[in-house]
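J.: Return a 3D structure for these sequence lines:
(one chain, ligands or ions: 2)
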Amino acid sequence: MAKEKTQYVCNACGATSPRWLGKCPSCGAWNSLIESVPESASGGKNRLSAPQGYAGLANAQPVTPLSAIEATDVARTPSGIEELDRVLGGGIVEGGVVLIGGDPGIGKSTLLLQAMDALHRKGLPTLYVTGEESGAQIALRSRRLGLDNSQVQVLAEIQLEKILATVEATQPMVVVVDSIQTVYSDQLSSAPGSVAQVRECAAHLTRAAKTTGICVILIGHVTKEGALAGPRVLEHMVDTVLYFEGDTHSNFRLVRAIKNRFGAVNEIGVFAMTEKGLKGVTNPSAIFLSQHTEPVPGSCVLVTLEGTRPMLVEIQALVDQGGPSPRRLSVGLDKDRLAMLLAVLNRHAGVACADQDVFVNAVGGVRINEPAADLAVMLAITSSLRGKALPRGFIAFGEVGLAGEVRPAPRGQERLKEAAKLGFTMAVVPKANAPKKAIPGLTIHAVERVDEAMNIVRGIS
Ligand code: TYD
Ligand code: MG
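T.: Ligands and ions are numbered 1, 2, ... in the order given. You can find the predicted model right below:
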């Protein structure tokens, strides 16, 4: 019965079909048909075919000049977990929908259970809906976290309609759905976790959040390809998207805001996974440095800016004799950018790696998106190629352009000060970032071109 109610809509052109087809008959796109619930008869069709305009279908609504609308700032409720509040832009927002994505086992459930408990202790009602684990498993985790008499309400349920009915009846302030991929709606026949189900369920939960003012937090697993199940189908629907980053083998976890309607993006929260759950790291600037006793070739420390905080990250490179088609691999850095930097090195600094395998890695599983990493990547590569370590206490940052020029990085002074604070003594930076006033303990080499940087390094290592 439920089956007859659904239709298949093409993601690319919007054409509908009663059956699933591999290829859209209308626009020819492959694999673009997704199951969905059709709008009620009066909704969809009439509107498109109304010959006399829209007046007969609905009354015109009043419009308001922007200046006459009162601009109220959103009220935020801090969760009590400082690093989480930082990425949320200050706290949980009424009616806000947050999507938290990340690899399995990275700590999504742990963090949210801790946050819900913290909210509950402040007297704010919360509901934790679990489809992944049983109530007993959640209880076990809460004991492990030292939350023995936690009053967080738990619902082990995966059917959307039942979840929504429970939310309506219990009226919590925050609902966590762990995870959105396990929830299914009776309205659709496709399996839980399919794009159609995930999208439909998230849409219903979003609507519920907006109409009731309850904050909804959706946990989503990231698939192997790095997208949340379904090609990022949820990101546009929600207000805030947070991703967990970091290596599951290391203790540190980063939570990055990649979209936030209520705050800054690219802000990160840093946590350490401990015996008793996730603990915020308030001063994270040095956690992505590996501890070499002696400087080693192929390593360069970068000062990157994560949100509002400067952080030092070790960039490692290994350049090795390659086969007929040399490999370029990067972990935590952009692969296309690596290819570009190798071309610039060759053309503008006379460093040729065409017949070499090149591997680069940002230590600790951190992902670096800013172009200011360019100079450090290039210096790590040259250092590995020459087999010469950069001096102890050396840092670099700066964007490199296709013409071989070194462009300034935002907030250079702050980066340099942080490096000096952590005991670094020598820096190669873009000319425009050179401080007017000397920074005690730090020797600064300001460069305009990439070959200048290479020459300086050749002179000191
Ligand atoms: P979890 O929150 O279940 O991950 P997710 O929901 O993202 O899949 O985290 C599970 C991992 O965290 C697991 O490998 C064990 C570890 N862990 C700790 O190290 N300390 C703890 O106190 C807890 C609860 C988990
Ligand atoms: Mg989990």
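J.: Spell out the residue ranges of the strands in the stretch 151-300 of the chain.
T.: Using DSSP state E, counting those that start in this stretch, the strands of the stretch 151-300 of the chain run over 153-156, 174-178, 215-221, 240-245, 252-260, 268-274, 277-280, 299-306.
J.: Pull the distance from stretch 78-89 to the chain's centre.
T.: Centroid separation for stretch 78-89 versus its chain: 16 Å, with CA atoms, centre = their mean, to the nearest Å.
J.: Please spell out which residues along it are buried.
T.: For stretch 78-89, a neighbour-count test (16 or more other CB atoms under 10 Å) marks Pro78, Ser79, Gly80, Ile81, Glu83, Leu84, Asp85, Arg86, Val87, Leu88, Gly89 as buried. C-beta here means a position set from N, CA and C on the backbone, and glycine is covered the same way.
J.: Point out where this structure drops to low pLDDT.
T.: 1-4, 39-52, 223-232 (pLDDT under 70).
J.: Tell me what angle the lengthiest strand in it forms with strand 299-306.
T.: Assignment by DSSP state E gives strand 309-321 as the longest strand of the chain. With axes from the mean of the first three to the mean of the last three CA atoms, to 10 degrees applied, the angle from strand 309-321 to strand 299-306 works out at 140 degrees.
J.: Could you list the domains of the protein?
T.: For the chain, automatic domain parsing gives the domain ranges 2-49, 76-280, 299-460.
J.: Now do the last one: distance from first to last residue.
T.: Length of domain 299-460, first residue to last, CA to CA, to the nearest Å: 15 Å.
J.: if we can go back for a sec, the longest strand of the chain packs against which elements?
T.: Judged by 3 or more CB pairs under 8 Å, 6 or more residues apart in numbering; DSSP states H and E, strand 309-321 is in contact with strand 299-306, strand 356-362, helix 374-386, helix 412-421.
J.: How many neighbouring residues does the closest residue to ligand 1 within the stretch 201-350 of the chain have?
T.: Relative to ligand 1, the nearest point of the stretch 201-350 of the chain is Gly277 (4.1 Å; CB to the nearest ligand atom). Neighbours of Gly277 under the rule other CB atoms under 10 Å: 20.
J.: Tell me who's in contact with the nearest residue to it once chain neighbours are set aside.
T.: With CB to CB, 6 or more residues apart in numbering as the criterion, Gly277 has its nearest non-adjacent residue at 4.3 Å, and that residue is Leu145. Contacts for Leu145 were tallied using CB atoms under 8 Å, 6 or more residues apart in numbering; they are Thr110, Leu113, Gln114, Asp117, Lys276, Gly277.
J.: One more pass at 10 Å, please.
T.: Neighbour list for Leu145: Thr110, Leu113, Gln114, Asp117, Thr274, Glu275, Lys276, Gly277, Leu278 [criterion: CB atoms under 10 Å, 6 or more residues apart in numbering].
J.: Quick one, which of the residues you listed are buried?
T.: Here, 16+ other CB under 10 Å leaves Thr110, Leu113, Gln114, Asp117, Gly277, Leu278 buried among these.
J.: my guess is the residue of the stretch 201-350 of the chain closest to ligand 1 contacts Arg143, does it?
T.: No. The pair Gly277 / Arg143 is not scored as a contact, 11.2 Å apart, by CB atoms under 10 Å.
J.: related to what we said a few turns ago, and the longest strand of the chain, how far from the chain's centre?
T.: The mean C-alpha position of strand 309-321 is separated from the chain mean by 21 Å, CA atoms, centre = their mean.
J.: CA-only coordinates of it in PDB, if you can.
T.: Output of strand 309-321 as PDB, limited to C-alpha atoms (Å, rounded to 0.1, in the frame of the first residue of the first chain):
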ATOM      1  CA  ARG A 309      43.300  30.100  16.700                       C
ATOM      2  CA  PRO A 310      46.800  29.700  15.200                       C
ATOM      3  CA  MET A 311      48.000  26.100  15.300                       C
ATOM      4  CA  LEU A 312      51.300  24.500  14.500                       C
ATOM      5  CA  VAL A 313      51.100  21.400  12.300                       C
ATOM      6  CA  GLU A 314      54.000  19.400  11.000                       C
ATOM      7  CA  ILE A 315      54.000  18.800   7.300                       C
ATOM      8  CA  GLN A 316      55.900  15.700   6.200                       C
ATOM      9  CA  ALA A 317      57.000  14.800   2.700                       C
ATOM     10  CA  LEU A 318      58.700  11.800   1.300                       C
ATOM     11  CA  VAL A 319      60.200  12.000  -2.200                       C
ATOM     12  CA  ASP A 320      61.500   8.700  -3.500                       C
ATOM     13  CA  GLN A 321      62.600   7.300  -6.900                       C
END
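J.: tell me the angle of that strand relative to strand 268-274?
T.: 80 degrees.
J.: Strand 309-321 versus strand 252-260: what angle between them?
T.: Using the same axes, to 10 degrees: strand 309-321 against strand 252-260 is 110 degrees.
J.: tell me the contacts of the residue sitting nearest the centre point of the chain?
T.: The chain has Tyr243 as the residue nearest its centroid, 3.4 Å off, counting by CA atoms, centre = their mean. Tyr243 sits next to 87, 99-103, 106, 220, 222, 226, 228, 254-259, 268, 367 when contact means CB under 10 Å, 6+ apart.
J.: ok so, going back, and the furthest pair within the contacts of Leu145?
T.: Greatest spatial distance in the contacts of Leu145: Asp117 and Glu275, 16.7 Å, computed using CB to CB.
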